[in-house]
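>>> pasting the sequence and the predicted coordinates here, then a few questions.
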Amino acid sequence: MRLLLDTHVVLWALLVPSRLSRRAAELLRRADSELLVSPASAWEIAIKQRLGKLPHAAPIVVAYVAHLAALRADELPIRSVHAMRAGSFEVDHRDPFDRMLAAQSSLEGIPLVTNDLAFSLFPEVETIW
């Protein structure tokens, strides 16, 4: 099963796995799960760590690719079609990182593993928690 991980899921899986739901933790452990992470998450983590909003994420920023490998996760490249969709959503949600994840999830048909209720604004995004 292909799964796109929300930014907080990546952070929790790496730093505080106990914060994951039972279902999310199980899906992340399954050998047949294909875990995908958007470059938008790397951007979000780096910005928030630099601003002091994620002080414990410094080791992740320094060795991001190695941390993705430890999760058995691959990057899901951002394409122009994703960017156009992210900017075109007719929903009242300004977070550009969430908009990109929603676009990638919907266009690629990949469920988004998230605990963020904001994604309910995007009716075509299937979420798992």
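Right, received. Where do you want to start?

>>> residue at max distance from the center of this structure?
In the chain, the residue that sits farthest from the middle, by Cα atoms, centre = their mean, is E90; the gap is 20.9 Å.

>>> would you mind measuring from it to S105?
17 Å (Cβ to Cβ, to the nearest Å). C-beta coordinates here come from the backbone N, C-alpha and C atoms, glycine included.

>>> hang on, the earlier thing: the residue farthest from the centre of the chain in helix, strand or coil?
coil (DSSP: H, G, I helix; E, B strand; the rest coil).

>>> how much space separates it from A102?
Per Cβ to Cβ, E90 is found 12 Å from A102.

>>> ok so, going back, can you pull the pLDDT of the residue farthest from the centre of the chain?
We have a pLDDT of 94 for E90.

>>> please report how far it lies from F122.
On the measure of Cβ to Cβ, E90 and F122 end up 10 Å apart.

>>> how about Q49?
26 Å.

>>> V16 too?
26 Å.

>>> between those two, which one's more packed in?
Using other Cβ atoms under 10 Å as the criterion, V16 and F122 rank with F122 on top: 20 against 10.

>>> ok, that one touching A102?
Yes - with contact defined as Cβ atoms under 8 Å, F122 counts as touching A102 (4.2 Å).

>>> perfect, I'm done here.
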